[in-house]
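Chemist: Pasting the sequence and the predicted model now:
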Amino acid sequence: MPFVASAPAGSLEPCRIYGSVYLERDPRRRGFCFGAVYEEPEEAFADVLVFPETNKLFADKAGLWYITEARDFADYVLFVSDNRSLADFSIHYTKVRSFAGCRKN
């Protein structure tokens, strides 16, 4: 039997998430999600600035998300945590498309 190493904890890269995203808010389904996010009220502390696209075809770069209501057809399912310390990364919604993307470190 070949040895298969599991991915290290914390290997989630929020800068690679784009496309259709379903935001799960039910804590009972947290284990079925790709990762956990915290909706940051301040832009300065967010890891990713998200622009909610109205068309799935235009959500083709980091930070451009098409928020879908159908969990089964989403590219990513993310759990929305109320606790910042339990989230993998934080997001803030922006109204300007060109501002969307990862925050430079």
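Modeler: That came in fine, so what should we check first?
Chemist: Please list the residues outside stretch 75-82 that contact it.
Modeler: 17-25, 27, 29-30, 32-39, 71, 87 (C-beta atoms under 8 Å, 6 or more residues apart in numbering). C-betas here are computed from N, CA, C, even on glycine.
Chemist: buried sites along it?
Modeler: For stretch 75-82, the neighbour count (16 or more other C-beta atoms under 10 Å) marks D75, Y76, V77, L78, F79, V80, S81 as buried.
Chemist: repeat for stretch 48-57
Modeler: Within stretch 48-57, the residues that qualify as buried by neighbour count (16+ other C-beta under 10 Å) are V48, L49, V50, F51, E53.
Chemist: Equivalent analysis for stretch 86-99, please.
Modeler: Under 16+ other C-beta under 10 Å, the buried positions of stretch 86-99 are A87, D88, F89, S90, I91, H92, T94.
Chemist: how far out from the middle of the chain is it?
Modeler: Centre-to-centre, stretch 86-99 and its host chain are 8 Å apart (C-alpha atoms, centre = their mean, to the nearest Å).
Chemist: same check, this time on stretch 44-60
Modeler: Using C-alpha atoms, centre = their mean, the mean C-alpha position of stretch 44-60 is found 9 Å from that of the whole chain.
Chemist: Start and end of that stretch, how far apart?
Modeler: 24 Å (C-alpha to C-alpha, to the nearest Å).
Chemist: just stretch 35-51 next, same as before
Modeler: End residues of stretch 35-51 are separated by 19 Å (C-alpha to C-alpha).
Chemist: what does stretch 65-73 give?
Modeler: 14 Å.
Chemist: looking only at pLDDT, what's the mean for that stretch?
Modeler: On average, the pLDDT along stretch 65-73 is 94.
Chemist: Relative to S98, which of the buried residues of stretch 48-57 is nearest.
Modeler: Ranked by distance to S98 (C-beta to C-beta), these are led by F51 at 8.5 Å.
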